[in-house]
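[1] build me a structure from this.
(one chain, ligands or ions: 2)
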Amino acid sequence: MCRKLGDMLFRKSRADGAALLREELRRPGIVLVPGVFNALTALMAQQLGFRAVYVSGAAVTASMALPDLGLITLDEMVKTVKYIVDAVDVPVIVDADTGYGEALNVMRAVREFEAVGAAGIQLEDQVLPKKCGHLSGKAVVPPDEMAKKIRAAVEARRSPDFVIIARTDAVGVTGFEDAVERAQLYLEAGADVIFPEALRTEEEFREFARRVKAPLLANMTEFGVSPLIPARRLEEFGYKFVIFPVTALRVAMHAIREVFRAIMNEGTQERWLDKMFTRKELYDLIKYYDYEKLDTEISRHIDNIYKSGRGGRHG
Ligand SMILES: C[C@](O)(C(=O)O)[C@H](CC(=O)O)C(=O)O
Ligand SMILES: [Mg+2]
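    Ligands and ions are numbered 1, 2, ... in the order given. Prediction:
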């Protein structure tokens, strides 16, 4: 009993996220993927039934009070991803920005993310300092440079299931046609999914799907240049994934500001109790009492050993 509980809580065997994500690629229908920035938000998404999560570079860096300019290191991201993968069974898709350097850096990044159990990564074709795809002033690398990174990622993965998502930021820089051409090249280089970043109209979303016959990812980030198109519609266009990368962080920050204001102004949070995740809800989510139970069971197990006289001379 205590072995079983221990295995469950400390996750002796973890789900093969890459295989699960690959499975999604074979199935029809769109997959809704919320952006997460720590293990707790990932667990919440899983509990509600989402079938994958996206570790957003923008949200993770913002949670460190850093701008999303490619400042986060591979190590920092790997650590964050490890906490998340250890907490959930659903596939974890990682925003790996520009791959932390050139082709060789990309290879190392793939190895590291795969080693901690990520299901796949997203690489983008911006130059450093990279920006949020929805801001102006972006620049993109030549297409062959990005294709080389994609190839490097494909070569580096241990499992053929590990999903490589190629994002092109070209639409806002060199234009729609170049984005379509780049997508074809990235697919030839071995990308499994194409992420056309910062499309400007619903028509562009539709047209991109018409022109690029591959699994596609749509980014429904708020306050950017893309219209917010419902998942049903994106599915009709042929999109396979839709991410909501920074939604949870934005909503959480709004709520945090309001409750902090209340505390500052009223000296109490009482008015907020019915808007909170309760202690019970939190403990249920993280299985708090199961950990206590495990500890008690281990103690009981040892007590029994001593009682049965097998405790040696120290008994
Ligand atoms: C998807 C994205 O790369 C992210 O880091 O989540 C960002 C999201 C955002 O800044 O709104 C992006 O560049 O679109
Ligand atoms: Mg990002």
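
[2] near ligand 1, which residues of this structure?
    Counting by Cβ under 6 Å from any ligand atom, the chain comes close to ligand 1 at 35, 56-59, 68, 95, 132-134, 219, 221, 224, 245-246. Using the backbone N, CA and C atoms, a C-beta is placed for each residue, glycine as well.

[3] mind redoing it with 8 Å?
    35, 54, 56-61, 68, 95, 97, 122, 124, 131-135, 167, 169, 197-198, 219, 221-224, 243, 245-246 (Cβ under 8 Å from any ligand atom).

[4] now, which of the residues you listed lie close to ligand 2?
    With the criterion set as Cβ under 5 Å from the ion, the members of the residues of the chain next to ligand 1 near ligand 2 are 57-58, 95.

[5] dump the residues you listed into CSV; add secondary structure, pLDDT and distance to Val212 as well.
    Formatted as CSV, those follow (DSSP: H, G, I helix; E, B strand; the rest coil; pLDDT from 0 to 100; distance: Cβ to Cβ, whole Å):
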residue, secondary structure, pLDDT, distance to Val212
Gly57, helix, 98, 23
Ala58, helix, 98, 24
Asp95, strand, 98, 21
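
[6] how about Gln46, nearest residue that isn't a chain neighbour?
    Nearest non-adjacent residue to Gln46, counting by Cβ to Cβ, 6 or more residues apart in numbering: Val88, 4.5 Å away.

[7] tally of neighbours for the one you found?
    24 (other Cβ atoms under 10 Å).

[8] cool, Met107 as well?
    20.

[9] could you measure from it over to Val140?
    Going from Met107 to Val140 by Cβ to Cβ, to the nearest Å gives 21 Å.

[10] and Thr278, by the same measure?
    47 Å.

[11] and if you look at Ala96?
    Distance, Ala96 to Val140, by Cβ to Cβ: 16 Å.

[12] more neighbours: those two, which one.
    More crowded of Ala96 and Val140, by other Cβ under 10 Å: Ala96, with 31 against 23.

[13] what sits against the residue nearest to Leu20 when sequence neighbours are not counted?
    Nearest non-adjacent residue to Leu20, counting by Cβ to Cβ, 6+ apart: Pro91, 4.8 Å away. The neighbours of Pro91, taking Cβ atoms under 8 Å, 6 or more residues apart in numbering as the test, are 17-18, 20-21, 24, 51-53, 119-120.

[14] next one: the residue in the stretch 201-315 of the chain positioned nearest to ligand 2 from Arg200, what distance?
    Closest residue of the stretch 201-315 of the chain to ligand 2, Cβ to the ion: Pro245 (7.0 Å). The gap separating Pro245 from Arg200 is 18 Å, by Cβ to Cβ.

[15] quick one: which of the two has more around it?
    Taking neighbours as other Cβ under 10 Å, Pro245 and Arg200 compare with Pro245 leading, 26 against 15.

[16] name the nearest residue to that one, ignoring sequence neighbours.
    Gly35 (3.5 Å).

[17] pretty sure that neighbour contacts Val246?
    Yes - Gly35 is within contact range of Val246, at 5.7 Å (criterion: Cβ atoms under 8 Å).

[18] what touches both of those two?
    Counting by Cβ under 8 Å, 6+ apart, the residues touching both Gly35 and Val246 are 56, 58-59.
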